[in-house]
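*Asks:* No letters, just coordinates:
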RNA sequence: GCUGCUGUAGCUCAGUGGUAGAGCGCGUCCUUGGUAAGGACGAGGUCAUGGGUUCAAGCCCCAUCAGCAGCUCCA
């Protein structure tokens, strides 16, 4: 008999050789039915795995996230079988689970098209209906390599696998695939699925390798779960800043300037509101603001290291036969400003901000609305300080960053620390000092972070602040980069207490990152329902009929005098249509005015997303909304 | 940059080798109204661009440009 410990602490005795699946039956028929895999002594295994003595065993069901993932992975195998049966020339590569689904990379010369999805799904349904058991077989690494000799993808997978035991899974009596497992007991346990998309993906993520086809699918325990997921995707798409930006006339793009955004009047109102706020916060945190040229002599970029490390991303031009570059970063220009006069340690830390317009040549395939463009405005700053001041300054930047993010209602962001890349300037020792300074500051603020080895800027390590868009794609906002190299390259100096000249430390930092991207993120974050302080049109007055147009104008003038961004709908439409239109334009406040309101000097206030209305005197309305703007209420 | 898909009215999209379509929006007129879209009429097109096939191309073929999804890369 073998002793088994269950997650609730209870102990159970089972006969030697009992499998995890049989154990589930022993615990209860309900559990046995729901069981799809097990965790024995911390390791996820098939239900067919025998249990040895003194094992901790947990039966995994679809209620566990591991269970869902196992089902999705099994679904990937079902899809692989379906694809192989339709296109026998298919060579399978790798089929992992991802958030909300799975994909399978395949090597097949004939492109799979969205119009093929239906017949793949039909084939998959056949396989699921046949309820074929997943049968695991194991062999040694050498045997596996022998078995798959000639299959470069699978032998490569074996080489990357841990341990000496290599496993295969057979679905029924036909399709077999190399796989670590575990899997569902049989294909019948696969829930509701859908093929989502197909796209190219390099083998091993390496652009020099063959482009494979990556078929994405999703899989959920029930049809309702799948439907809910698809509905969620639809809802998310409605928040897409590219659609909302067009619908609400905020910005546009044109073939004449791919990757360069045209900001429209309404978009600029949001932009300027953010700039005003940004200036106020930076003033509070002791920053000065400068502006440097967009075009600078090529020699400067040789000196800064950009020529050697960033040239592929830069645009160049020529003035009177002399080479110039369009700046991709603001730091060299900032260094020139620093050098215009002497500096003392007494001035430090010197926090110099710049809303700098930079141009970077991005590959054509990576452009993405306002999130990835070729021209953007960075809310940049360079802090010049002594080595002793680094940690405190970084802490200050983190506090400023959090204060700004909070003002926009962002709570869900994560932080990454990136270390020395292959292409870099500066000694290893300098990199260690800089990296540790960033780590210490994060530790001091008790901030959790992820490390990205080799992802730093070429001049120093960095801390990045990331946020997710409506479709859960992650985007970088702010960044803090420590730089010991650029000040030396530009011979920046300050006079220290002991009257000797020393090289300052430079901290590059951006909080919102790029104004363009940040506005895109805000559009998705709010679903374009901007808080009052950001809304392009804060209030619209809707006249009941032409007879009330004059009163509407009186109200409008009063609100304009109070600095509110106020529009007026005097069109030849009924009030219902005016409300519907204002609603579709996501107006925060609608003021309906008719003869009644004109008589009493009031407005009937209708708040976005609220069916209730109330009538108030104009001055009361003004007081309330002005307070809401001052508070930046979200 | 790579793989695949897409490109038709301001927007969203139908369109089967043989006369260019709808809804919304826009303009004019009617309507003068009370809380999420009143009615009539009208204007609006180099079917992305350039080649090719064909008696005939929005539709088929090739190239280019742009967009979308993903990969790689990045704020």
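*Replies:* Okay, I see it. Remember, predicted model here, so these are calculated numbers, not experimental data. Residues are numbered from 1 along each chain as shown, chains lettered A, B, ... in the order given.
*Asks:* contacting residues around stretch A:336-348?
*Replies:* A:290, A:292, A:300, A:350, A:352, A:384-386, A:389, A:490-497, A:502, A:504 (C-beta atoms under 8 Å, 6 or more residues apart in numbering). From N, CA and C alone the C-beta is placed, and that goes for glycine too.
*Asks:* Tell me which residue lies nearest the centroid of chain A.
*Replies:* residue A:474 (1.3 Å; C-alpha atoms, centre = their mean).
*Asks:* contacting residues for that one?
*Replies:* A:466-468.
*Asks:* Mind splitting chain A into its structural domains?
*Replies:* A:2-61, A:66-236, A:257-293+A:327-526, A:539-630 (automatic domain parsing).
*Asks:* Same list (these) but as JSON lines, adding distance to residue A:311.
*Replies:* Below are the domains of chain A laid out as JSON lines (distance: least, C-beta to C-beta, whole Å):
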{"stretch": "domain A:2-61", "distance to residue A:311": "48"}
{"stretch": "domain A:66-236", "distance to residue A:311": "19"}
{"stretch": "domain A:257-293+A:327-526", "distance to residue A:311": "10"}
{"stretch": "domain A:539-630", "distance to residue A:311": "43"}
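*Asks:* Those: which one's closest to residue A:243?
*Replies:* domain A:257-293+A:327-526 (9.3 Å; C-beta to C-beta).
*Asks:* who touches the nearest residue to residue A:535 once chain neighbours are set aside in this structure?
*Replies:* Counting by C-beta to C-beta, 6 or more residues apart in numbering, residue A:535 lies nearest to residue A:588, which is 5.0 Å off, once chain neighbours are set aside. Neighbouring residues of residue A:588 by C-beta under 8 Å, 6+ apart: A:529-532, A:535, A:538-539, A:607-608.
*Asks:* and what of residue A:99?
*Replies:* residue A:472.
*Asks:* about what we covered before: would you list the domains of chain A in a markdown table and tack on mean pLDDT?
*Replies:* Shown next, in a markdown table, are the domains of chain A (pLDDT from 0 to 100):
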| stretch | mean pLDDT |
| --- | --- |
| domain A:2-61 | 91 |
| domain A:66-236 | 93 |
| domain A:257-293+A:327-526 | 93 |
| domain A:539-630 | 96 |
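*Asks:* how about those in CSV, adding distance to RNA strand B?
*Replies:* Below are the domains of chain A laid out as CSV (distance: least, C-beta to the nearest atom of the strand, whole Å):
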stretch, distance to RNA strand B
domain A:2-61, 25
domain A:66-236, 3
domain A:257-293+A:327-526, 2
domain A:539-630, 3
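*Asks:* Tell me which of the contacts of stretch A:336-348 fall in helices.
*Replies:* Counting by DSSP state H, the part of those found in helices is residue A:300.
*Asks:* Please check the contacts of stretch A:336-348 and keep the buried ones.
*Replies:* Neighbour counting by 16 or more other C-beta atoms under 10 Å classes A:290, A:292, A:300, A:350, A:352, A:384-386, A:389, A:490, A:492-494, A:502, A:504 among the contacts of stretch A:336-348 as buried.
*Asks:* now, which of the residues you listed lie within strands?
*Replies:* A:350, A:352, A:384-385, A:494, A:502 (DSSP state E).
*Asks:* Now do the strands in the stretch 401-550 of chain A.
*Replies:* A:413-418, A:450-452, A:462-468, A:474-483, A:494-495, A:501-502, A:505-514, A:539-543 (DSSP state E, counting those that start in this stretch).
*Asks:* what's the neighbour count on residue A:123?
*Replies:* Residues within reach of residue A:123, counting by other C-beta atoms under 10 Å, total 18.
*Asks:* For the strand or helix carrying it, list every residue counted as buried.
*Replies:* Assignment of secondary structure by DSSP states H and E places residue A:123 within helix A:117-129. By 16+ other C-beta under 10 Å, the buried positions in helix A:117-129 come out as A:117, A:120-121, A:123-124, A:127-128.
*Asks:* And the next helix or strand past it?
*Replies:* strand A:134-140.
*Asks:* so what does the helix or strand just after that following strand touch, helix or strand wise?
*Replies:* Next helix or strand after strand A:134-140 toward the C-terminus (DSSP H and E): helix A:141-147. Counting contacts by 3 or more C-beta pairs under 8 Å, 6 or more residues apart in numbering; DSSP states H and E, helix A:141-147 packs against helix A:152-160, strand A:165-171.
*Asks:* Alright, I will stop here.
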